[in-house]
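# Output the structure for:
(one chain, ligands or ions: 1)
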Amino acid sequence: MKKILFCIGLAAICIASCRKDTKVDLVQPIVTRVEVGDSSATTIELTAGSSFQLTVEASDNESLNEVLVEIHAAEDAHEHQGNGHAGGEFHLNSGEWQNQQTLQANNASATLSTQISVPGTIAGQWHLVVTAKDDVGNTSLEYTLLLNVTNDELPLIEGVTTPLADATGTVSMQAGSSLLLAGTVSDADGLAGVQTYLLTYSGLSGDTTVIPMSENPTLLTFPEMSFDNAQVGEYRLVIEAFDTQGNRRWWDNRVVVSE
Ligand SMILES: [Zn+2]
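Model (predicted):
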């Protein structure tokens, strides 16, 4: 009798554990390839108003369910885990661009394509993030691209600071000293407004200086202006310009003030 009970017990354990093995899928799908046009680079140059073909290849041990494509602004220095581009961009964008798409998939591997339009009014840097989900909800690591959007229709802004900014656009200076800014702004349609200001990274703005101009010039050079008594902290020094067509661009440098 003891022997029989032992055998039944053993069989029960085996059935329970065998079931567990076949029912639970903990394996994440993988995004294996992301291409814009023919390029598999993780930094992509785009022109405002154009469109591009995005191709995504993903695979799973069981079955894929969907592939998510999301575009968001890169301007707050956030970073991404996973594959592709890591993030960390901090310059202000001009204009808004947000895009979310869900591409359906139902095999163990899939190659999916979609056409994406770049808005005509924007310039700056955005992230395109691809993730794949399988049938039981496991999500892949992110695969991130950096999209650099250029736009000749927006006013062109060149700012020069003292102290000079480094190659990343960061000005380092000491508390109590002065920050100087000079610049040139141009636009073929004629400028309608130019202003400069300091912004904290939480979005609080200091005094705004509106640059005087006459009769919508196509070129405006403004004389050096001074931001005095900088306090310890991190700021954006911003030049904002718009033309007679309503096209608007933001230029900025990061200002780091230390003791
Ligand atoms: Zn991002």
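# Show me the beta-bridge partners of the closest residue in space to N99 that isn't next to it in sequence.
Spatial nearest neighbour of N99, chain neighbours left out: I71 (4.1 Å); criterion: C-beta to C-beta, 6 or more residues apart in numbering. Glycine gets a C-beta too; all of them are placed from N, C-alpha and C. Under DSSP bridges, the beta-bridge partners of I71 are N99, L128.
# my read: I71 touches Q98, true?
Yes - contact between I71 and Q98 holds when scored by C-beta atoms under 8 Å: they sit 6.3 Å apart.
# so what's L164 up against?
Residues near L164 by C-beta atoms under 8 Å, 6 or more residues apart in numbering: V171.
# now swap in S178 and tell me
Residues in contact with S178, defined by C-beta under 8 Å, 6+ apart, are 226-230.
# Which single one of the residues you listed is nearest to T208?
Nearest to T208 among the contacts of S178: F227, at 11.8 Å, using C-beta to C-beta.
# Next up, the contacts around the residue lying closest to A230 once chain neighbours are set aside.
Nearest residue to A230, sequence neighbours excluded (C-beta to C-beta, 6+ apart): V257, at 4.4 Å. For V257, the contact set (C-beta under 8 Å, 6+ apart) comprises 173-175, 230-235.
# Would you convert the residues you listed into TSV that also reports distance to H80, secondary structure and neighbour count?
Putting the contacts of V257 into TSV (distance: C-beta to C-beta, whole Å; DSSP: H, G, I helix; E, B strand; the rest coil; neighbours: other C-beta atoms under 10 Å) gives the following:
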residue	distance to H80	secondary structure	neighbour count
M173	31	strand	17
Q174	34	strand	11
A175	34	coil	12
A230	32	coil	20
Q231	32	coil	8
V232	30	coil	11
G233	27	strand	12
E234	22	strand	13
Y235	25	strand	23
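# Tell me where the stretch 101-250 of the chain is predicted with low confidence.
203 (pLDDT under 70).
# which residues does the residue nearest to A230 bridge with?
Where V257 sits in a bridge, its partners, by DSSP bridges, are M173, G233.
# For A167, see how far away it is.
Note on V257: its distance to A167, by C-beta to C-beta, to the nearest Å, is 20 Å.
# same check, this time on T139
37 Å.
# And P29, by the same measure?
39 Å.
# returning to what we had before: select from the contacts of S178 every entry located in strands.
226-227 (DSSP state E).
# export the contacts of V257 to JSON lines and tack on distance to Q53?
Rendered in JSON lines, the data for the contacts of V257 read as follows (distance: C-beta to C-beta, whole Å):
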{"residue": "M173", "distance to Q53": "45"}
{"residue": "Q174", "distance to Q53": "50"}
{"residue": "A175", "distance to Q53": "51"}
{"residue": "A230", "distance to Q53": "47"}
{"residue": "Q231", "distance to Q53": "49"}
{"residue": "V232", "distance to Q53": "48"}
{"residue": "G233", "distance to Q53": "44"}
{"residue": "E234", "distance to Q53": "39"}
{"residue": "Y235", "distance to Q53": "40"}
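# Mind picking the one among these that's closest to V210?
Y235 (19.2 Å).
# List the contacts of the closest one.
198-201, 254-255, 257.
# what's the closest non-adjacent residue to it?
V255 (4.4 Å).
# List the buried residues in the helix or strand containing the one you found.
Counting by DSSP states H and E, the element that carries V255 is strand 248-258. Residues of strand 248-258 classed as buried by neighbour count (16 or more other C-beta atoms under 10 Å): 248-255, 257.
# cool, stretch 192-201 as well?
Under the neighbour-count criterion of 16+ other C-beta under 10 Å, stretch 192-201 has 192-194, 196-199 buried.
# and if you look at stretch 59-69?
For stretch 59-69, by 16+ other C-beta under 10 Å, it's 59-60, 63-69.
# now do stretch 35-42
35-36, 42.
# hmm, who's touching that stretch?
Here stretch 35-42 makes contact (C-beta under 8 Å, 6+ apart) with 33-34, 44, 46, 52-55, 84-85, 144-146.
# before we move on, what about stretch 88-99?
For stretch 88-99, contacts defined as C-beta under 8 Å, 6+ apart pick out 69-79, 116, 118-119, 121-126, 146, 149, 151, 154, 169, 236, 238, 248-252, 254.
# No more questions from me, cheers.
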